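Undergrad: Sequence and predicted model, in that order:
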Amino acid sequence: MRIIRGFLLALHIFVGIGAVAGGLAAILNPVAPLGMAVDSVPGFPFDSFLIPGIILFGLIGIGNLVAAVPVYLKRRWLGYPSGVLGCALMGWIVIQCVMLGSIVALHVIFFCLGAVIACLALAALTAERLWPGTWVADFLTSAGPCRVD
């Protein structure tokens, strides 16, 4: 469990800091954050990068930094926020690829990071016996109707 927590903590901090920086860039300069003008993205549904920047900053950035806290404090339920944010990161990347109409290496890398976070969260929940699948297994092996003594 210590290895799972270590990887989750590192990934949450890495993704959180990157998303806060990217989101802040889009909030402070919504017309051309980090040199990417809104006009350069054909079919982009927004007039500026302000709304995506707020979502990136708040949900992905601050969310991952907040999710690092229960991981750091070794809370038993740490897998729940980690799983939600891993899936949110994957969803963010898919939506971003659709809006931009392209896929680049960073999209693939961050989608994979989201998948790793989600899988580590599932592993943590399973190890702590907090995943519903473990409840069924516990029921069937201990008090289920098919128990043979």
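TA: Cool, the structure landed. Numbers count the residues shown, from 1 in each chain.

Undergrad: Can you identify the element that follows the helix or strand where residue 96 lies toward the C-terminus?
TA: Residue 96 belongs to helix 79-100 when assigned by DSSP states H and E. Using DSSP H and E, the helix or strand that follows helix 79-100 in sequence is helix 105-127.

Undergrad: which parts of that next one are buried?
TA: For helix 105-127, the neighbour count (16 or more other CB atoms under 10 Å) marks 107, 110-111, 113-114, 117-118, 120-125 as buried. In this view, the C-beta of every residue, glycine as well, is placed from N, C-alpha and C.

Undergrad: now do stretch 49-60
TA: 49-50, 52-53, 55-57, 59-60.

Undergrad: same question, stretch 64-72
TA: 64-65, 67-68, 70-71.

Undergrad: Can you flag which of those belong to helices?
TA: 64-65, 67-68, 70-71 (DSSP state H).

Undergrad: As a markdown table, those with distance to residue 9 and pLDDT would be great.
TA: Converted to a markdown table, those look like this (distance: CB to CB, whole Å; pLDDT from 0 to 100):
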| residue | distance to residue 9 | pLDDT |
| --- | --- | --- |
| 64 | 10 | 97 |
| 65 | 11 | 97 |
| 67 | 9 | 96 |
| 68 | 6 | 96 |
| 70 | 10 | 94 |
| 71 | 5 | 94 |
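
Undergrad: With distance to residue 130 as extra columns, can I get these in TSV?
TA: Shown next, in TSV, are those (distance: CB to CB, whole Å):
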residue	distance to residue 130
64	20
65	23
67	16
68	19
70	12
71	14
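
Undergrad: which stretches of this protein have low pLDDT?
TA: Within the chain, the segments meeting pLDDT under 70 span 135, 143-149.

Undergrad: any idea which residue sits dead centre in it?
TA: Per CA atoms, centre = their mean, the C-alpha nearest to the average position across the chain is that of residue 86, at 2.5 Å.

Undergrad: separation between that residue and residue 119?
TA: 8 Å (CB to CB, to the nearest Å).

Undergrad: same deal with residue 106?
TA: The value you get for residue 106 to residue 119, if CB to CB is used, is 20 Å.

Undergrad: which phi and psi does the nearest residue to residue 37 once chain neighbours are set aside have?
TA: Counting by CB to CB, 6 or more residues apart in numbering, residue 37 lies nearest to residue 31, which is 6.8 Å off, once chain neighbours are set aside. Backbone torsions of residue 31, given as degrees, to the nearest 10, read phi -80, psi -40.
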